[in-house]
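> Quick one: sequence and predicted model below, then my questions.
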Amino acid sequence: MAKMALVVDDSTSMRQMVAFTLQSAGFEVIEGSDGKDALGKVNGKAVNLVVTDLNMPVMDGITLIRELRKLPNFKFTPILMLTTESQDSKKQEGKTAGATGWLVKPFNPEQLLGVIAKVVH
Amino acid sequence: MEIDLSRFRSAFFEEAGEHLESMEAGLLALETSGGDREVLNTIFRAAHSIKGASSTFGMDQVARFTHVLENLLDRMREGEVLPTLELCELLLKSTDVLNGLIQSEKSSTPVPVQTESVFVALQQYSGNAVSSPAAAAVTATPYAAGQTASDQTYRLQFNPSGAFFHFGQNPLFLIDELQKMSSGFSIEANVSKVPGLAALDPEACYVGWDAFLTTASPESSLLDVFMFVDGDSIPQIKAVTANEGPPQLISDASVSTQSPAAAVAEKQKSHSAAPQQVTVAKTAAKTSEASVPAVERRTGEERRTESAPAGSNSAASSVSETVRVDRERLDKMINQIGELVIGTSMVEQDWSRFHPDMESAALVQLGKIVRDLQEMSLSLRMVPIAASFQKMTRIIRDLSHRLGKQIHLETEGEDTELDKTVVDQIGDPLLHMVRNSVDHGIELPAERIAAGKPPEGTICLKAYHQGGNFIIEIQDDGKGLDRDRILRKAIERGIVSEHDNLSDEEIYQLIFSAGFSTAEQVTDVSGRGVGMDVVRRNVEALQGSISIRSQKGKGCRMIVRLPLTLAILDGLLVRVANDSYVIPLLSVVESINQKGRDIKSVLSKGEVITLRGEIVPLLRLDRILNLRHSHDATDSNLLVIVEDQGRKYSLAVDELLGQQQVVIKNLEANFQKVPGVAGATILGDGRVALILDINGISAMATKNHPPVTALNHASELVNA
């Protein structure tokens, strides 16, 4: 069975780029445009990886991470957050909420795959 | 893997446009409401989003600019910088620059000239402490320096916290990664903390590891492996010398990382098998310092404790779930569904011809589904008018500042939906009308006070649906149109003659005539005399109309009436001679029986009828369209009264066939533009009917057009 990934970003271009990169690495991708949307889309289903932006409308990434960690299927799922270099405090907040790791924007597909290799085999 | 990032650029441009719009709206709101946190958050998020994506897609200019902008907005969000009017002005200007920068990425236009000055101004506001993305890129790889090429042995003690798994971490992946970068690797699991089965929490991590590894990579890259590990879980790393080294190092690095238990087993095996291979450390000078590694050692952005608007439901920026579809594909689909509707009515007609007394339940069902489908497909192209209204906010603000006027904009019904094609094309006309109101309608504060009005003028933009039409109203409480002056000017310009007996509405409509301008002085805002005539042309091209209500001293109201969609049209199907024609229902006032009415011939000007005391020109469609009647033309008793630009005409037709919704087929795209014809449609019985353009027909009649050859061709096509 193909590995599943959840990609959450309110920016369509970023989401498409991440999704496309993951797809070419063999993932099947579920896309969400904000935290709430993503929670609805996974609906408790298990995925192998979550990549989420932090700053999003409706429900931000930190809240999403916190909510996901409450779900039985997401207890141990690697969750990567997309941050920017000016968001150090956010990164800490994300870690506290249960994020596995992060990726600093800007990044290219190779960097993304490099970080993913750290958390999913 | 090579992934071409350019494929995501068009999505970026589209979303950047939306972000810019929401920034602008936010900034305008900020100017009036002050530092509302939610508004600031929305603006910040837009800038932040543009920055993240633009930097990723290699648009450095955009990224560099949004970076300072974002910094400044962040400080505003924190209340460190207050939104003064001057600052709002600068921020608005910076959205313009940003737009220009994005456009220059999109179409290689030159970057806006004021880019640098605005950039510097933004920097000054945000307090200079801004690192550029270039600098950030350097800090992103802070470990590049101080790399040593020679091998060094380290002892690494890794004791993940109990909750380690709950962060989605897998220690085995990390060990795996360490092993891959080592030329020598030895590891031992520390299982001393594993409790008895009764006390064991299967979700907790109890195992730790003690590893010796030899590598040419610098210590920093070992820490990089653990970059996502923090707190108590951060491993202790120490460079070791030969004396401190492990008893053995295995060079083939065959330690299994399948499970802690297996690792232990492997370790026991390798203890005896591995050859001695200890590399002497050249230097251990920095060990003490490095033994407390700080993964989070990053450059000096001030730390902020931020109360994130977690889960806050911001109505201002809620993103509705959307799928972007190429417009051409959508149009094709809508067109095909139109064909399906026609096809269905053809089947229905055939059925009723062959089974006149029987209704087919299946056909009724099919017809209903198809019509629902058509309605649904048309709704796909509907978008709210909000974005067009929002642009006016900015225009009014800028213009009123420039003209020294105080104007307050009210909007109503922004969520009213309209065909995207119409929305795109109504922007310019709307802009001209709003400019006209600002420039010629609303008076200067002093004038207003003298007239007993509040100094601040109001422009109200309203949108609503009415009887299958979309209505936009632009209303101002300014001085209103000057009827006499318009008339005087129009006579001077030879647009009308002194003897014409014109109604107020007809006089007001004169402002839409080409080359008409009543402003005493031509301003750079709206007084170029072009504009209003273009407005009417554009609105009419959309099958719409404009009417004007004005009261001197009280204000003026322009009412733009538009069809909801350009794909279908409500029409009155009529027969003239042997052909069917569609008259847009929008222009139809009434239909009357002409019997007993006097038709008078006005010398060299054609025929007229008297309708409730009003003189209405009579247009004989058969003559205008050059149709051959099978019987005497004067037998026709039916007149359809239509209205175009406030003028009434009566059209003589032979038969009223009924009111019908028709799917518009563009004649221009498939054949050529034909005067008097707005398009064509296929009727339920498969025949083609031309849709009449009342404006064109009346022009052909009043100008006594010779029969137009193209029209004859088109008619012949229809008859063929």
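Structure received.

> where do the helices sit along the stretch 451-600 of chain B?
Per DSSP state H, counting those that start in this stretch, the stretch 451-600 of chain B carries helices over the ranges B:483-492, B:504-509, B:532-541.

> The helix or strand encompassing residue B:237 pairs with which strands?
Residue B:237 is located in strand B:236-240, with elements delineated by DSSP states H and E. Partners of strand B:236-240 in the sheet, by DSSP bridges, are strand B:152-158 (antiparallel).

> Only C-alpha atoms, please: export the partner strand in PDB.
Extracted C-alpha coordinates of strand B:152-158, given in PDB (Å, rounded to 0.1, in the frame of the first residue of the first chain):
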ATOM      1  CA  GLN B 152      37.400  12.100  14.600                       C
ATOM      2  CA  THR B 153      35.800   9.700  17.100                       C
ATOM      3  CA  TYR B 154      32.900  10.800  19.200                       C
ATOM      4  CA  ARG B 155      31.000   9.400  22.000                       C
ATOM      5  CA  LEU B 156      27.400  10.000  21.700                       C
ATOM      6  CA  GLN B 157      25.000   9.300  24.600                       C
ATOM      7  CA  PHE B 158      21.400   9.500  23.500                       C
END
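
> now stretch B:544-564: mean pLDDT?
Average pLDDT, stretch B:544-564: 88.

> What is the burial count for the closest residue to residue B:487 other than its chain neighbours?
The shortest distance from residue B:487 to any residue other than its chain neighbours is 5.3 Å, reached at residue B:507 (Cβ to Cβ, 6 or more residues apart in numbering or on different chains). For the C-beta atoms, the positions are set from N, CA and C on the backbone; glycine is no exception. For residue B:507, the tally of surrounding residues (other Cβ atoms under 10 Å in any protein chain shown) stands at 22.

> Show the contacting residues for residue B:507.
B:483, B:486-487, B:490 (Cβ atoms under 8 Å, 6 or more residues apart in numbering or on different chains).

> Can you turn the buried part of those residues into a PyMOL selection?
Buried members of these, defined by 16 or more other Cβ atoms under 10 Å in any protein chain shown, are picked up in PyMOL with:
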select buried, chain B and resi 486+487+490
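
> Now render the contacts of residue B:507 as JSON lines, adding distance to residue B:475.
As requested, the contacts of residue B:507 are exported to JSON lines (distance: Cβ to Cβ, whole Å):
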{"residue": "B:483", "distance to residue B:475": "18"}
{"residue": "B:486", "distance to residue B:475": "19"}
{"residue": "B:487", "distance to residue B:475": "23"}
{"residue": "B:490", "distance to residue B:475": "24"}
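
> Could you single out the nearest of the contacts of residue B:507 to residue B:120?
When the contacts of residue B:507 are compared for distance to residue B:120 (Cβ to Cβ), residue B:486 comes out closest, at 48.9 Å.

> Please report the distance of the residue most central in space within chain A from residue B:44.
Chain A has residue A:51 as the residue nearest its centroid, 1.5 Å off, counting by Cα atoms, centre = their mean. From residue A:51 across to residue B:44, the span is 22 Å (Cβ to Cβ, to the nearest Å).

> do residue A:116 as well
Counting by Cβ to Cβ - residue A:116 and residue B:44 are separated by 28 Å.

> Quick check: closest non-adjacent residue to residue A:90.
Leaving aside its chain neighbours, residue A:90 sits nearest to residue A:54 (5.5 Å; criterion: Cβ to Cβ, 6+ apart).

> Any idea how many residues pack against that neighbour?
Residues within reach of residue A:54, counting by other Cβ under 10 Å, total 27.

> and it, what does it touch?
Contact analysis of residue A:54 by Cβ under 8 Å, 6+ apart lists A:60-62, A:81-83, A:87, A:90, A:94.

> Now render those residues as JSON lines, adding pLDDT and secondary structure.
Supplementary listing: those in JSON lines, determined by pLDDT from 0 to 100; DSSP: H, G, I helix; E, B strand; the rest coil:
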{"residue": "A:60", "pLDDT": "89", "secondary structure": "coil"}
{"residue": "A:61", "pLDDT": "90", "secondary structure": "helix"}
{"residue": "A:62", "pLDDT": "91", "secondary structure": "helix"}
{"residue": "A:81", "pLDDT": "91", "secondary structure": "strand"}
{"residue": "A:82", "pLDDT": "90", "secondary structure": "strand"}
{"residue": "A:83", "pLDDT": "85", "secondary structure": "strand"}
{"residue": "A:87", "pLDDT": "67", "secondary structure": "coil"}
{"residue": "A:90", "pLDDT": "80", "secondary structure": "helix"}
{"residue": "A:94", "pLDDT": "85", "secondary structure": "helix"}
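
> counting contacts, what elements does the lowest-mean-pLDDT helix or strand in chain A pack onto?
Scoring the helices and strands of chain A by mean pLDDT, DSSP states H and E places helix A:88-97 at the bottom, with a mean of 82. In terms of contacts (3 or more Cβ pairs under 8 Å, 6 or more residues apart in numbering or on different chains; DSSP states H and E), helix A:88-97 is packed against helix A:61-70, strand A:79-84.

> So what touches the shortest one?
Put plainly, it is strand A:79-84. Contacts to strand A:79-84, defined as Cβ under 8 Å, 6+ apart, come from residues A:9, A:14, A:18, A:49-54, A:61, A:65, A:68-69, A:90-91, A:94, A:98-105, A:107, A:115-116, A:119, B:48, B:51-52, B:168.

> likewise stretch B:647-658?
B:506, B:572-577, B:580-581, B:583, B:589, B:591-592, B:594, B:609, B:611, B:614, B:616-622, B:633, B:636, B:638-643, B:694, B:697-698, B:701.

> average model confidence for that stretch?
On average, stretch B:647-658 scores 87.

> Any idea how far apart the tips of it sit?
This stretch, stretch B:647-658, spans 24 Å end to end (Cα to Cα, to the nearest Å).

> picking up where we left off before, filter the contacts of residue A:54 to the buried ones?
Buried members of the contacts of residue A:54, counted by 16+ other Cβ under 10 Å: A:60-62, A:81-83, A:87, A:90, A:94.

> Just send the residues you listed back as TSV, with distance to residue A:24 too.
Shown next, in TSV, are those (distance: Cβ to Cβ, whole Å):
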residue	distance to residue A:24
A:60	28
A:61	24
A:62	29
A:81	22
A:82	18
A:83	23
A:87	27
A:90	28
A:94	26
